[in-house]
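1. what follows is a predicted protein model with its sequence.
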Amino acid sequence: MSNKTTVISEAQLNTQFAFCDRIADLWRIEGRTPTAYVETYGCQQNEADSEKIRGYLTQCGYAIQKEAEGADVVVMNTCAIREHAEQRVFGNLGALTHTKRRHPEQKIFLCGCMAGETKVSDRIKKSYPYVDGVFSTHHLWQFPEILFNVLTRRKRQFYVADEPGSIAEGIPHVRDSELKAWVSIMYGCNNFCTYCIVPYVRGRERSRLPEDILKECRELIESGVRDITLLGQNVNSYGKDLKIGVDFADLLAAIAEIPGEFMIRFMTSHPRDASTKLFDTMAKYPKIAKQLHLPFQSGSSRVLKAMNRHYDRETYLEKVRYAKSVMPDLVLTSDVIVGFPGETEEEFEETISLIQEVHYDSLFTFIFSPRTGTPAASMEDPTPKADKSRRFDKLCTVQNGISEQIHEAYIGRTMRCLVDGKDKDLLTARTEGGRLVRFEGCDSLIGTFQDLTITGCTTWSLTGKMQNA
Ligand code: SAH
Ligand code: SF4
Ligand code: F3S
């Protein structure tokens, strides 16, 4: 298989839009507006893909609804990162037999990362006959064609061929929020961490052109978006494949130069490629949020080597020290895996000491889950489940203590926050570091930046008041 990225041409995309028109015509003859429901699992990458699926569906004439019941089309956009994630999808897929029984013309699709696993598409083929179509992330751009074939040929469609991956510019989006937007800057991953399935299901690393990204950001800002999150599995290697001399820090700086009132953030940063240039760029531009999600996975250098992470404990800590030195208010978050094959009690304690040293705002904690086809799935794993659960609980307890301490330290500080909605009687806002703040105020403040003084906290959120209130 060649490693080359396929760039989907305008003509190819126009063919898909022609399928959208033909689907809309089919429903016009039927004389009613069809409905669709998209269920999203997994990370922001999938959220961003679901916006495109909804974009296509809207272009085909579908009205988007918020539940599977009664929908003419149901799309399950799935995640394969851990066993548990897959079990949930199979469970919910099972439940769809009932909704389909009540609405026999319903068409069900499964896409996303699970659709990139042969074992999953084979299982769907054999045991889930009511699923009408399966397509991997590489084939998302062909969704109108797949839907059209399902509607007209009455034959199940499987678009799951393994590929290095493509880039398609110009697929319409239906975004969830008017204030916040995801912008994918690259797709796929080349890192092959030994536990991870992503490189197998999302293909090779490929970057969008800077001019396409800048155009999208400019349009978003002009349309009123105030918070943009740039997405990629490893944003720090942005641009390497383009070979035009633009790296991630350059891209960030160019976006931060766009006029208007907005914040930019990004995820995820791989520590190996996080450079001092990146931290200096973050520090320089007020429009770049002082927030960094920098997954360390383990505090033990031996485990990190076995994970194929290409950094050790000390280099990770050095990078964090530098980042904090140039951004004293930096909000740090991270991902950790407990119970990687062969992790000893001492190595686990190294993870605990690392979180105590770094003081993360919050952590996403996971117990190692073997994924078929990855090297770690066949590594010797003598640690009993009960020990792994105990380590996991300890990690959560230590981190909750740290998060509480950090939260308490917010009290009395005044912070610039984006007011993003309402929850019961209170307005909700987000700090630059992404923390939720509730406060009293009138609805007209939604969509503006406000200085809020923090008056109280719980483990998960803050309360505040407006400076002049
Ligand atoms: N690209 C990102 C991570 C994407 S997956 C990065 O490299 O930082 C999100 C997180 O899921 C990972 O950071 C890791 O902590 C966790 N994860 C991935 N595979 C896993 C597995 N097999 N078992 C448990 N956790 C896993
Ligand atoms: Fe998975 Fe590692 Fe790639 Fe992140 S960098 S997506 S953990 S292989
Ligand atoms: Fe899951 Fe795929 Fe994201 S496996 S975490 S949805 S890249």
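-> Everything's here; your move. Ligands and ions are numbered 1, 2, ... in the order given.

2. only C-alpha atoms from now on, for both contacts and neighbour counts.
-> Fine.

3. could you pull out the strands for the stretch 51-200 of the chain?
-> For the stretch 51-200 of the chain, the strands defined by DSSP state E, counting those that start in this stretch cover 63-64, 73-78, 107-112, 133-135, 157-159, 166-168, 180-184, 186-187.

4. spell out which residues of this protein are next to ligand 3.
-> Counting by CA under 6 Å from any ligand atom, the chain comes close to ligand 3 at 42, 43, 45, 46, 79, 80, 81, 113, 198.

5. what subset of those is buried?
-> 42, 45, 46, 79, 80, 81, 113, 198 (16 or more other CA atoms under 10 Å).

6. what about residue 466, distance to ligand 2?
-> Residue 466 sits 39 Å away from ligand 2, going by CA to the nearest ligand atom, to the nearest Å.

7. host element of the closest residue in space to that residue that isn't next to it in sequence?
-> Excluding the flanking residues, the one nearest residue 466 by CA to CA, 6 or more residues apart in numbering is residue 452, at 4.8 Å. Using DSSP states H and E, residue 452 maps to strand 449-457.

8. which other helices and strands contact that strand?
-> When contacts are defined as 3 or more CA pairs under 8 Å, 6 or more residues apart in numbering; DSSP states H and E, strand 449-457 packs onto helix 385-410, strand 414-423, strand 461-466.

9. can you list the strands that it pairs with?
-> Its sheet considered, strand 449-457 pairs with strand 414-423 (antiparallel), strand 461-466 (antiparallel) by DSSP bridges.

10. got the ones you listed as a markdown table, with mean pLDDT columns?
-> Listed next are the strands paired with strand 449-457 as a markdown table, based on pLDDT from 0 to 100:
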| stretch | mean pLDDT |
| --- | --- |
| strand 414-423 | 95 |
| strand 461-466 | 93 |
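
11. can I get those strands in a markdown table with mean neighbour count?
-> Below are these laid out as a markdown table (neighbours: other CA atoms under 10 Å):
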| stretch | mean neighbour count |
| --- | --- |
| strand 414-423 | 19 |
| strand 461-466 | 19 |
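
12. possible to save those as a markdown table with distance to ligand 1?
-> Formatted as a markdown table, those follow (distance: least, CA to the nearest ligand atom, whole Å):
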| stretch | distance to ligand 1 |
| --- | --- |
| strand 414-423 | 26 |
| strand 461-466 | 23 |
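
13. could you dump those strands to JSON lines with distance to residue 29?
-> As requested, these are exported to JSON lines (distance: least, CA to CA, whole Å):
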{"stretch": "strand 414-423", "distance to residue 29": "40"}
{"stretch": "strand 461-466", "distance to residue 29": "51"}
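
14. returning to that earlier point: so what touches the strand holding residue 452?
-> 407-408, 410-419, 437, 462-467 (CA atoms under 8 Å, 6 or more residues apart in numbering).

15. looking at the strands of the stretch 51-200 of the chain, which has the lowest confidence?
-> Mean pLDDT is lowest for strand 166-168 among these, at a mean of 92.

16. that one pairs with which strands, parallel or anti?
-> In its sheet, and by DSSP bridges, strand 166-168 pairs with strand 6-8 (parallel).

17. starting at the chain centroid, how far to the strand it pairs with?
-> 22 Å (CA atoms, centre = their mean, to the nearest Å).

18. also stretch 255-270?
-> With CA atoms, centre = their mean, you get 16 Å for stretch 255-270.

19. try stretch 158-173
-> 17 Å.

20. buried ones in it?
-> 158-160, 162-168, 171-173.

21. cool, and stretch 428-439?
-> In stretch 428-439, counting by 16+ other CA under 10 Å, buried: 428, 429, 430, 431, 432, 433, 435, 436, 437, 438, 439.

22. restricting to C-alpha, output it in PDB.
-> Extracted in PDB, the C-alpha atoms of stretch 428-439 (Å, rounded to 0.1, in the frame of the first residue of the first chain):
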ATOM      1  CA  THR A 428     -22.200  29.500  32.300                       C
ATOM      2  CA  ALA A 429     -18.800  30.700  31.200                       C
ATOM      3  CA  ARG A 430     -15.400  29.100  30.600                       C
ATOM      4  CA  THR A 431     -12.000  30.400  31.800                       C
ATOM      5  CA  GLU A 432      -9.200  30.600  29.400                       C
ATOM      6  CA  GLY A 433      -8.100  27.200  30.700                       C
ATOM      7  CA  GLY A 434     -11.500  25.700  30.000                       C
ATOM      8  CA  ARG A 435     -12.900  25.700  33.600                       C
ATOM      9  CA  LEU A 436     -16.600  26.000  34.000                       C
ATOM     10  CA  VAL A 437     -17.800  29.100  36.000                       C
ATOM     11  CA  ARG A 438     -21.400  29.700  36.900                       C
ATOM     12  CA  PHE A 439     -22.600  33.300  37.700                       C
END
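
23. relative to ligand 2, which of the strands of the stretch 51-200 of the chain is closest?
-> Nearest to ligand 2, of all these, is strand 186-187, at 10.1 Å by CA to the nearest ligand atom.

24. how about residue 293, nearest residue that isn't a chain neighbour?
-> Counting by CA to CA, 6+ apart, the residue nearest residue 293 is residue 333, at 4.7 Å.

25. find the nearest non-adjacent residue to residue 9, please.
-> residue 168 (7.4 Å).

26. thinking that neighbour is in contact with residue 5, fair?
-> No - Residue 168 lies out of contact with residue 5 (CA atoms under 8 Å); the separation is 10.6 Å.

27. my read: residue 5 touches residue 187, true?
-> No - contact criterion CA under 8 Å: residue 5 and residue 187 do not qualify, at 10.3 Å.

28. overlap of the contact sets of the two?
-> In contact with both residue 5 and residue 187: 204, 206, using CA under 8 Å, 6+ apart.

29. of the two, which one has the most company?
-> More crowded of residue 5 and residue 187, by other CA atoms under 10 Å: residue 187, with 24 against 17.

30. which residues does that one bridge with?
-> residue 206.

31. what separation do you get for it and residue 271?
-> The spacing between residue 187 and residue 271, counted by CA to CA, to the nearest Å, is 18 Å.
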